[in-house]
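Peer 1: Just the structure for this:
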Amino acid sequence: MSNKKIKTINELKNIVEELKRDNNKIITTNGVFDIIHIGHIRYLQEAKKLGDILIVGINSDSSVKRIKGPERPLNNENDRAEALAALECVDYVTVFTENDPIIFLQAIKPTIHVKGGDYNMSQIIEKDTVKENKGEVKLIPKVKSYSTTDLIKKIVGLYKDN
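Peer 2: Next up, the predicted model:
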């Protein structure tokens, strides 16, 4: 992972401390981002509008397997990180190995942590961590009809007889 936007959580912790000294508003979000689609892109663009620096935490391959099953992810963590880092709206990307982003968020202490509108506040297990560090959690409406799982089902359906 040679992309300058891809950092370890420890590297990001130091970068963020400096950015905050310059009064930058730090936005975080997290997810698998297995097959990047327009729903992801629009979501990340909206997240970026909420502040100055957008940091995306992605689940490691091992955590994706624990959460979504042994067939996932389709794209490995390095490829997923590189694809996200290529987006203009994304400032930094990091990979975390835990099933949830709590350790990532404890290190970064974002101004705002963003989740998609397919969640409601009661489902966001990291909300207390964000609030304890003086941040807020915001929901961005989900872009309808876009999901990696749905894409996989569509592809399998189209090619199941080949």
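Peer 1: going forward, measure contacts between C-alpha atoms and count neighbours the same way
Peer 2: Noted.
Peer 1: Tell me the buried residues in the least confident helix or strand in the chain by mean pLDDT?
Peer 2: Counting by mean pLDDT, DSSP states H and E, the weakest-scoring helix or strand in the chain turns out to be helix 148-159, with a mean of 79. Buried residues in helix 148-159, counted by 16 or more other CA atoms under 10 Å: residue 148.
Peer 1: can you check stretch 32-40 too?
Peer 2: Result for stretch 32-40 [16+ other CA under 10 Å]: buried residues 32, 33, 34, 35, 39, 40.
Peer 1: Same question for stretch 19-32.
Peer 2: 25, 26, 27, 28, 29, 30, 31, 32.
Peer 1: which residues touch the first one?
Peer 2: Meaning residue 25. 51, 52, 53, 110, 111, 112 (CA atoms under 8 Å, 6 or more residues apart in numbering).
Peer 1: What separation is there between it and residue 134?
Peer 2: 12 Å (CA to CA, to the nearest Å).
Peer 1: Need the overlap of contacts for those two.
Peer 2: residue 111.
Peer 1: any idea which element the residue nearest the centre of the chain lies in?
Peer 2: Centroid-nearest residue in the chain, with CA atoms, centre = their mean: residue 30, separated by 2.4 Å. Taking DSSP states H and E as the definition, residue 30 sits inside strand 26-31.
Peer 1: Can you name the element that comes right after that strand?
Peer 2: Counting by DSSP H and E, what follows strand 26-31 is helix 38-48.
Peer 1: okay, that following helix in CSV with CA atoms only?
Peer 2: The C-alpha coordinates for helix 38-48 follow below in CSV (Å, rounded to 0.1, in the frame of the first residue of the first chain):
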residue,chain,number,x,y,z
ILE,A,38,-22.2,5.0,-7.1
GLY,A,39,-24.0,4.7,-3.8
HIS,A,40,-20.7,4.6,-2.0
ILE,A,41,-19.4,7.5,-4.0
ARG,A,42,-22.4,9.7,-3.3
TYR,A,43,-22.3,8.8,0.3
LEU,A,44,-18.7,9.7,0.7
GLN,A,45,-19.1,13.0,-1.2
GLU,A,46,-21.9,13.9,1.2
ALA,A,47,-19.8,13.0,4.2
LYS,A,48,-17.0,15.2,3.0
